[in-house]
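Engineer: Compute the structure for the input listed below.
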Amino acid sequence: MTVKANISEIKSALPANVALVAVSKFHPAEAIMEAYNAGQRVFGESRVQELVAKYEQLPKDIEWHMIGHLQTNKVRAIAPFVSLIHSVDSRRLLECINREAERCGRVIDCLLEVHVAREQTKSGWDSEELLAFVCSGELAAMKNIRIRGIMGMATNTDDIAIIRSDFERLAAIKAQITPMFDSSFNVLSMGMSDDYPIAIQCGSTMVRIGSSIFGQRNY
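Structural biologist: As a prediction, this is how the structure comes out:
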């Protein structure tokens, strides 16, 4: 199937309240343009250098999402244009994004990445640490970021019960901290090509899909 057909099939199956982020990392500009010409405007990248190169090369009405681990020394490169940073996993990174957003005269939308998977290699806040930080009031001083919701990944396993449990935990954490934010805190970014139907059942409002759109990546 073509990229256009894949996007059409996925979008037709997504509920109206679920946004599609086409994960274009490691895929060439030509493949992204296929998706663009099929009407897709939101794309996710995980490496800053690749994200900047594609931003410069491709149409300017694309919304670029940073979905991979982000180092503080790389924030400046994407601050002028990034639409949403999914992978905010520390107070230090938030402070850096706020600083760079102020320098650009922007307010940058961010998601708080929460670690629920059983692999220790994945990034993210511990749920108790996140709750303490949100309750601390420190976010109020960061005028150039807007927290839109949370993001997370399920354990990499074939056990559907574990995947569902991880997604349910993410949804519960979001529900717990929602009262501490305004109405723009409405994003639950979870679910990828292999598990997004389960994520949607558990309340996801944004899915990050790559291989089901573009095929397997060329590393």
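Engineer: and the end-to-end length of stretch 9-24?
Structural biologist: Its first and final residues considered, stretch 9-24 spans 17 Å by C-alpha to C-alpha, to the nearest Å.
Engineer: Where does Ala22 fall, secondary structure wise?
Structural biologist: strand 19-23 (DSSP states H and E).
Engineer: so what's the residue nearest the centre of the chain scoring on pLDDT?
Structural biologist: Compute the mean C-alpha point of the chain, and by C-alpha atoms, centre = their mean the closest residue is His86, 3.4 Å away. pLDDT, His86: 98.
Engineer: Downstream of the helix or strand that contains it, the next helix or strand is which one?
Structural biologist: His86 belongs to strand 84-88 when elements are defined using DSSP H and E. Elements were assigned by DSSP H and E; along the chain past strand 84-88, the next helix or strand is helix 91-104.
Engineer: Next, the buried residues of that following helix.
Structural biologist: Buried positions in helix 91-104, judged by neighbour count with 16 or more other C-beta atoms under 10 Å: Leu93, Leu94, Cys96, Ile97, Asn98, Arg99, Glu100, Ala101, Glu102. Bear in mind the C-beta positions are built from the backbone N, C-alpha and C, glycine included.
Engineer: What of stretch 1-11?
Structural biologist: Neighbour-count burial for stretch 1-11 [16+ other C-beta under 10 Å]: Val3, Asn6, Ile7, Ile10.
Engineer: What is the distance between the lengthiest helix in the chain and the centre of its chain?
Structural biologist: Identified as the longest helix of the chain according to DSSP state H is helix 160-177. With C-alpha atoms, centre = their mean, to the nearest Å as the basis, helix 160-177 stands 16 Å off its chain's centre.
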